[in-house]
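K.L.:
A predicted structure for the sequence below; I have some questions about it.
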Amino acid sequence: MAGGPRVFVARVIPDDGLRMVIDACDARVWEGELPPPRDELLRAIEGCEGVLTLLTDRVDDEFLDRAGPQLKVVSNYAVGFDNVDVAACTRRGVAVGNTPGVLTDTTADLAFALLMAAARRIPEGDRYVRSSQWRTWGPMLLLGPDVHSATIGIVGFGRIGQAVAQRALGFGMRILYHDVARLPAEVEDRYGARFLPLEELLAQADFVSLHVNLTAETRHLMNAERLGWMKPTAVLVNTSRGPVVDPKALFEALRDGVIFAAALDVTDPEPIPFDDPLLTLDNCLVVPHIASASRATRGKMATMAAANLLAGVRDERLPTPVNPEVYEGR
């Protein structure tokens, strides 16, 4: 809408939200498949009152300087916001929004799908058939661990971790968890989950699923030492953030049989380079950050991100603010 608030949308998002923005704002949308290069991004945001960003768009002091003092809101199309310097935004009175809650079940579905695919060696089996190697049924062919009745260790027992536990219950799994603090008894009882220190959890779990935020404390949480605490038959699943796992240590652990397999939705760096040694391993399954990639979930994320953007440019409180303290004193 010509004459509306000037905004920039850093990628094409589902029409559920994009149409809301275009109808209400003087909107420029980056239509490339790849993220806008940094110089293009900085040029595009000059004079904007709102910007809808993705995890690939770094929001820092340089970004805020180029946007200008009229910038009111940064709406991140994601639950995570480690691409945003929230403190810098708060200092300048810029509200930051995200899309929490909506992708919990969809991400848990993908985590469990990765767990099962790695355990039952489904990608290997598919490649085996397509390369014309399948000639007969074999009693030793592509053996892997059972999922049912196994022990799962969930690291980070928030919304997504608990949703994974709900799925594990259906497979009769024993559920262990680790978090920064033990959760209330009613939460543990709901899933039959037992809290353990990380070292004990890793030593007991047949499957380890990571669901932690990326912080200074969780960066390379799974390093060579901690991978060494796991069973040699264990499977590691990461749908949190790539840097939570040390990629060099993971490669060596998988190559040397320290653990049985890994399944990754996220990598460090992301995207993973074509020549990364992890991609040479049959026991490492990698998919391109698709945990939230259902039509319904991505549409809901678009609606939430648009609602945050529009509220911000209208000087209204964001429906899901990351930095509610920005409203103090207003």
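P.N.:
Yep, it's here. Residues are numbered from 1 along each chain as shown.

K.L.:
And stretch 171-179, how far out from the chain middle?
P.N.:
How far stretch 171-179 lies from its chain's middle: 20 Å, per CA atoms, centre = their mean, to the nearest Å.

K.L.:
Please spell out which residues along it are buried.
P.N.:
For stretch 171-179, a neighbour-count test (16 or more other CB atoms under 10 Å) marks 173-179 as buried. C-beta here means a position set from N, CA and C on the backbone, and glycine is covered the same way.

K.L.:
First-to-last residue distance for it?
P.N.:
In terms of CA to CA, to the nearest Å, the two terminal residues of stretch 171-179 are separated by 23 Å.

K.L.:
So what touches that stretch?
P.N.:
Residues from elsewhere that reach stretch 171-179, judged by CB atoms under 8 Å, 6 or more residues apart in numbering: 147-158, 161, 165, 168-169, 183, 191-198, 201, 204-205, 207.

K.L.:
Mind doing that once more with 6 Å?
P.N.:
Residues external to stretch 171-179 that are found in contact with it (CB atoms under 6 Å, 6 or more residues apart in numbering): 147-155, 157, 165, 168, 191-194, 196, 198, 201, 205.

K.L.:
Please list the members of these that lie in helices.
P.N.:
With helices defined by DSSP state H, the entries of the contacts of stretch 171-179 inside them are 165, 168, 191, 198, 201.

K.L.:
Show me what counts as buried in stretch 14-33.
P.N.:
14, 16-18, 20-22, 24-25, 27, 29-30.

K.L.:
quick one on the thing from earlier: what's the closest of the buried residues of stretch 171-179 to R317?
P.N.:
When the buried residues of stretch 171-179 are ranked by distance to R317 (CB to CB), D179 comes first, at 29.9 Å.

K.L.:
and the gap between the closest one and E188?
P.N.:
D179 sits 11 Å away from E188, taking CB to CB, to the nearest Å as the criterion.

K.L.:
One more: F63?
P.N.:
According to CB to CB, F63 stands 42 Å off from E188.

K.L.:
So these two - more neighbours on which side?
P.N.:
Neighbour count, other CB atoms under 10 Å: between F63 and E188, F63 has more, with 24 against 17.

K.L.:
Need the residues that contact the host helix or strand of that one.
P.N.:
Counting by DSSP states H and E, the element that carries F63 is helix 61-67. Outside helix 61-67, the residues within contact range by CB under 6 Å, 6+ apart are 42, 45-46, 48, 88, 92.

K.L.:
returning to that earlier point: of the contacts of stretch 171-179, select the buried ones using a PyMOL command.
P.N.:
Selecting just the buried residues from those in PyMOL takes one command, with 16+ other CB under 10 Å as the test:
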select buried, resi 147+150+151+152+153+154+155+157+165+168+191+193+194+196+198+201+205
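
K.L.:
still on that earlier bit, now flag whichever of the ones in helices among the contacts of stretch 171-179 is closest to V286.
P.N.:
Within these, the smallest distance to V286 is 22.7 Å, found for A168 (CB to CB).
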